[in-house]
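Colleague: Please find the sequence and the predicted model below.
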Amino acid sequence: MTAVIIVGAGPAGMAAALTLVEAGLRPIVVDEAQRAGGQIFRRPPPGFTRPPAALYGADAAAATRLHLAFDALGDRIDYRPQTLVWAVEPDAVHLQGPQGRVRLDRGPLLLATGATDRLLPVDGWTKPGVFSLGGSQVALKAQGVAIGRRVAFCGTGPLLYLVAYQYAKAGAEVAAVLDTSAFGDGIRALPLLAADPAKLARGIYYLGWLRAHGVPVHHGVRPLTVHGESVTGLTWRDAGRRLNETRCDALALGFGLRSETQLADLAGVPFRFDPIRRQYLPDIDQDGRAPAGAVYLAGDGAAVRGAAAAETAGRLAALALAADLGRPVDTAARDALRGRMARFERFARGLDAAFPFPVDLLDTATDDTLLCRCEAVTVGTMRHAVGELGAEDVNRAKAFVRPGMGRCQGRMCGLATSELHARLRGLPPDQAGRLRGQAPVKPVPLA
Ligand SMILES: Cc1cc2nc3c(=O)[nH]c(=O)nc-3n(C[C@H](O)[C@H](O)[C@H](O)COP(=O)(O)OP(=O)(O)OC[C@H]3O[C@@H](n4cnc5c(N)ncnc54)[C@H](O)[C@@H]3O)c2cc1C
């Protein structure tokens, strides 16, 4: 039998590998990172000595448990770190890593590719000193460095408070936390957030801690302009529409997360629009099984629900895969996992309600604001593509003026481009369509 291939060694991929090994299989596990762990449980390079409690805070026990269990798999899996899956074809999966270019026969495929920051264009967002929120956390978690001496955090989502807290705890000066969501959004979301009281309590703790330590926290903010050649400050409007400026030498910007779905697209998985997450997502069953083609999805790459949900989903998808291969499956354990997923989904919906995507920023963006940084496409160019050129969907706009055509393949600008397209036409976001995935999903050497 052709080997099972797991893409991603975050909580979802690691849990899937553990489950498949328990079912008597030896999967290939491919991850482009140097060490297994994924985003939340990202490990620093060998030789770095920050202890798990400093790196992962309240998640330290979960991180250590998964790291140890995964490392103990040894050669019961074929683990390929620092290896990118850059293309999926009907009969092959293409890798680029320390062994160079490798073609694997395509067996059952379990995609656990996680998420990345969700970005919106703000005037000056590509200047030196502006980082995505997740990127600012990666710098701290993986390398033990801060992105600046005096850092402002702007955007929305639970990561905004978590990363600001982590920076402050690590000794950086946090200039401000500027949340685009209104305080009332969080209050209204409480009934849904109560699905996970421990996580809710943690979020409230981060907010309280930042305030208690004198960090200015503002809600209902609209960021306007990043100043300086390299960042010197950010102007923003407060909830009362008053102009403010926060001075800083680095800015972390992020508006939630987006699922990393290109490989699912290349693998032929159908997509459906999720109106709450405002993204086209792989159309899978409750266990993560795609309708055809022996493809399974788990974790944030299927829908953003957080680390504990990713681990549960990884187990569920692996059980589905094992069952489809005719292996015996403990159905009671599977049903328990399904029950947990329902609770995670409720909490995730609460987060989406507490931290709504501030899509109105696109209406006030100036024509000169960069939308697609790889191809230097501005908001004004996109307005022209829709208005004068009549691009009827986002792929047509891509053909006309190239947003999403560059190195990142729309991974950074794609959702903002779709949202802008829909707003310019006065339609709901699903009507813009979605940028289709293309190989290579990330840059690979020409050779
Ligand atoms: C930058 C960032 C920071 C985050 N920090 C936190 C946090 O501190 N706390 C928290 O609760 N949640 C955090 N989250 C959310 C968190 O990522 C998840 O909920 C959880 O890690 C999801 O697990 P996962 O296994 O689905 O994906 P991930 O943990 O994201 O793992 C996905 C893995 O897939 C690999 N991968 C993706 N595409 C490819 C490819 N083409 N080829 C090879 N490998 C590939 C990646 O290298 C990665 O290791 C963060 C998210 C992001 C994006």
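Modeller: Arrived safely. Just so we're clear, the structure is a prediction, and the values are computed from it rather than from any experiment.

Colleague: What parts of the chain come near the ligand?
Modeller: 7-13, 30-33, 38-40, 84-85, 112-116, 134, 137-138, 159, 162, 257, 260, 263, 299-301, 306-307, 310, 441 (C-beta under 6 Å from any ligand atom). Yep, even glycine has a C-beta here, placed from its N, CA and C like the rest.

Colleague: partners of the helix or strand V177 falls within, with directions?
Modeller: Element membership of V177, judged by DSSP states H and E, is strand 173-179. Applying DSSP bridges to the sheet, strand 173-179 is found paired with strand 150-156 (parallel), strand 217-218 (parallel).

Colleague: circling back to that earlier point, let's see which of the residues of the chain next to the ligand end up in helices.
Modeller: P11, A12, G13, G134, Q137, V138, L159, L162, L263, A307, A310 (DSSP state H).

Colleague: nearest residue to the residue of the stretch 251-400 of the chain found nearest the ligand other than its sequence neighbours?
Modeller: Here the stretch 251-400 of the chain gets closest to the ligand at one residue, G299, 2.2 Å apart by C-beta to the nearest ligand atom. Excluding the flanking residues, the one nearest G299 by C-beta to C-beta, 6 or more residues apart in numbering is A12, at 2.7 Å.

Colleague: pLDDT at the residue of the stretch 251-400 of the chain closest to the ligand, what is it?
Modeller: At G299, the pLDDT value in this model is 98.

Colleague: Over to R402?
Modeller: pLDDT, R402: 96.

Colleague: Would you list the phi and psi of it?
Modeller: Main-chain torsions, R402, degrees, to the nearest 10: phi 80, psi 20.

Colleague: residues near it, how many?
Modeller: For R402, the neighbour count with other C-beta atoms under 10 Å is 16.

Colleague: does it really touch V377, like I thought?
Modeller: Yes. Counting by C-beta atoms under 8 Å, V377 is a contact partner of R402 at 5.8 Å.

Colleague: What segments of the stretch 301-447 of the chain are helices?
Modeller: Using DSSP state H, counting those that start in this stretch, the helices of the stretch 301-447 of the chain run over 307-324, 331-354, 361-364, 379-387, 394-401, 414-424.

Colleague: And the stretch 51-200 of the chain, by the same measure?
Modeller: Under DSSP H, counting those that start in this stretch, the stretch 51-200 of the chain gives helices at 52-56, 60-71, 133-143, 158-169, 183-188, 190-193, 197-212.

Colleague: rewinding a little: going through the residues of the chain next to the ligand, which ones are buried?
Modeller: By neighbour count, with 16 or more other C-beta atoms under 10 Å, the residues of the chain next to the ligand hold 7-13, 30-33, 38-40, 84-85, 112-116, 134, 137-138, 159, 162, 257, 260, 263, 299-301, 306-307, 310, 441 as buried.

Colleague: Report the separation between P44 and L84.
Modeller: 20 Å (C-beta to C-beta, to the nearest Å).

Colleague: For F273, list the residues it contacts.
Modeller: F273 sits next to Q279, Y280, L281, P429, D430 when contact means C-beta atoms under 8 Å, 6 or more residues apart in numbering.
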